[in-house]
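K.L.:
coordinates only, no sequence provided:
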C-alpha cells in the first residue's frame, strides 16, 4: 500500500481518503483519539501528523513503550490478540533497546528462574519488553510465542535432529515443555524476542519478609505495639 503524507491536508481531504469526505468532525475526533493512545503525533502549529513507531515516542524525556496486553508464564492461557492498553514511560538510560519494542505484562510463575540478560527472572506482574522483527533466533533465546491464539513466554530451542521446536519453562514449579513441529506455523508463531524485564515493585509483605523487616525497624528506634504487631504479622505470613 502506498503511503501518503496527510499533514498538509484538510480534515475533509483526509476524510476523502477513507470514504468520509463529508464528515470532517468525525475525522478530527478519530485523529484525536489516535493521538491520545500514542499511535500518532499531532502538532497543529507545524502541520504534523505522523505515526508513532514502537518505543520511539518521547514524553518529557521519557520513552513511551506501548503495552500490548498480557502473556502467560505458565500454560498458554492469555489471548494473543494484541490489545493496546496504554504506555510504559521509561527513561532511555534504563532501556537496553529503544526501537521496535513493546511491553506485555507477565502472568504466572513459570519463568521465575529465567535469567533475562544474565540476571532478571520473570515473575507475576513484571513488565516484559519484547523486540519484534528480531531476526533469526538462537537456542536459549527467550521468546513471546502465540499458540492457538494464546500467548506465553518461554525459552526457545530448535531441535533440528527431531525437526521440532521446544519451548521450555524455567520455574520453581514443574511445567512440562511444549513441543511444536518445525513446519507447523498454522497455529503457532513467534511474536518477538524478550530483551528486558522491568520488575514490579515489591509489596509491603514481600519487602519485610526479604529484608528481616522487624530487625530493620528496631534499629530505627522504639516502635509501638501496634506497629510491631503489624510487621510481625506480615513476616509470619511467609511461613503459612
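P.N.:
Received the coordinates, thanks. All figures in this text were calculated on a predicted structure; none of them were measured in a lab. Numbering: from 1, shown residues only.
K.L.:
who touches stretch 156-167?
P.N.:
With C-beta atoms under 8 Å, 6 or more residues apart in numbering as the test, stretch 156-167 has contacts from 137-143, 145, 152, 154-155, 168, 177-183, 190. From N, CA and C alone the C-beta is placed, and that goes for glycine too.
K.L.:
okay, and which of the residues you listed map to strands?
P.N.:
Secondary structure from DSSP state E places 142, 143, 145, 152, 154, 155, 168, 178, 179, 180, 181, 190 of these in strands.
K.L.:
just the buried members of the residues you listed?
P.N.:
142, 143, 145, 152, 154, 155, 168, 178, 180, 190 (16 or more other C-beta atoms under 10 Å).
K.L.:
do a quick rundown of the helices in the chain.
P.N.:
11-17, 24-36, 204-210, 213-219, 225-236 (DSSP state H).
K.L.:
got the buried residues for the second one?
P.N.:
Going back to what we said before, that points to helix 24-36. 27, 31, 34.
K.L.:
same for that helix, what does it pack against?
P.N.:
helix 11-17, strand 40-43 (3 or more C-beta pairs under 8 Å, 6 or more residues apart in numbering; DSSP states H and E).
K.L.:
repeat that with 6 Å
P.N.:
helix 11-17 (3 or more C-beta pairs under 6 Å, 6 or more residues apart in numbering; DSSP states H and E).
K.L.:
which other helices and strands contact the helix it packs on?
P.N.:
So helix 11-17, by 3+ C-beta pairs under 6 Å, 6+ apart, packs with helix 24-36.
K.L.:
which residues touch the residue nearest to residue 142 when sequence neighbours are not counted?
P.N.:
Spatial nearest neighbour of residue 142, excluding adjacent residues (C-beta to C-beta, 6 or more residues apart in numbering): residue 194 at 3.9 Å. Each residue near residue 194 by C-beta atoms under 6 Å, 6 or more residues apart in numbering is listed here: 116, 128, 130, 142.
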